[in-house]
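> take this sequence and fold it.
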Amino acid sequence: MSATLVLRVAADPIDRVPGDLAIVGCLEDERPLRGAAARADWRMCGAVSGLLLEGSFHGREGEAALLPSPGGVKAPRLLVLGLGPRSRGSAERLRAYAGDALVRVLGLGTREPVLALLPGECGAVAEQIEELVAGLAAHFDEAPPETELQLCFAVPQDACSEARRSLAALAAGRWPRGFDFPDL
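Next up, the predicted model:
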């Protein structure tokens, strides 16, 4: 049996998408938090901001914080990944974010993660999806053969169609081996 990564899109904010792990990114040099990280932080009564204020998390590349979500976010756990400084290239940051997320998901044994898009990255949602899939593909060979993940991209309502079109275009072209998008 080969590893499979099933990709889908949810037109909801990160705190409303069901899954077993919600994943957001946090820049090292951007305060206050923005995008999905800010929303998750707000829904979790400042839990992410608390880590930043106490200095146990900085948003540096490679950093991660795993937090329980007692109801503020639909997923029972929130994984905050450090993205490094804003000066790092957007496409490179997106690929690294997706790759880091996948490696950590595999390590945690999670099967239904929800990955948030990053605010203001690469312009349109289509470019973000393409870079995120490239980052996932770069690390997917590390998955054990029996792995089946159902990864959901949490996208804003007005960008859901664009995200689905982007995945459909990837599927029609250079879709990575082991990736599946059942809604096509």
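
> assign a three-state SS to the residue positioned nearest the centre of the chain, would you?
The chain has residue 115 as the residue nearest its centroid, 2.6 Å off, counting by CA atoms, centre = their mean. Secondary structure, DSSP: H, G, I helix; E, B strand; the rest coil: residue 115 is strand.

> what about the helices in this protein?
35-43, 47-54, 90-108, 125-140, 160-172 (DSSP state H).

> what helices or strands is the second one leaning on?
Think helix 47-54. If you count contacts as 3 or more CB pairs under 8 Å, 6 or more residues apart in numbering; DSSP states H and E, helix 47-54 packs onto helix 35-43, strand 64-68, strand 77-82. (Glycine included, C-beta is placed from N, CA and C.)

> could you redo the last one with a cut-off of 10 Å?
Counting contacts by 3 or more CB pairs under 10 Å, 6 or more residues apart in numbering; DSSP states H and E, helix 47-54 packs against strand 21-26, helix 35-43, strand 64-68, strand 77-82.

> which one, of the ones you listed, ends up nearest to residue 91?
For these, the distance to residue 91 is smallest for strand 21-26, at 14.1 Å, taking CB to CB.

> strand partners (parallel or antiparallel) of the closest one?
Here strand 21-26 has these sheet partners by DSSP bridges: strand 77-82 (parallel), strand 113-116 (parallel).

> need the pLDDT of residue 171.
What the model reports for residue 171 is a pLDDT of 75.

> which residue, other than its chain neighbours, is closest to the residue nearest to the centre of the chain?
residue 23 (4.9 Å; CB to CB, 6 or more residues apart in numbering).
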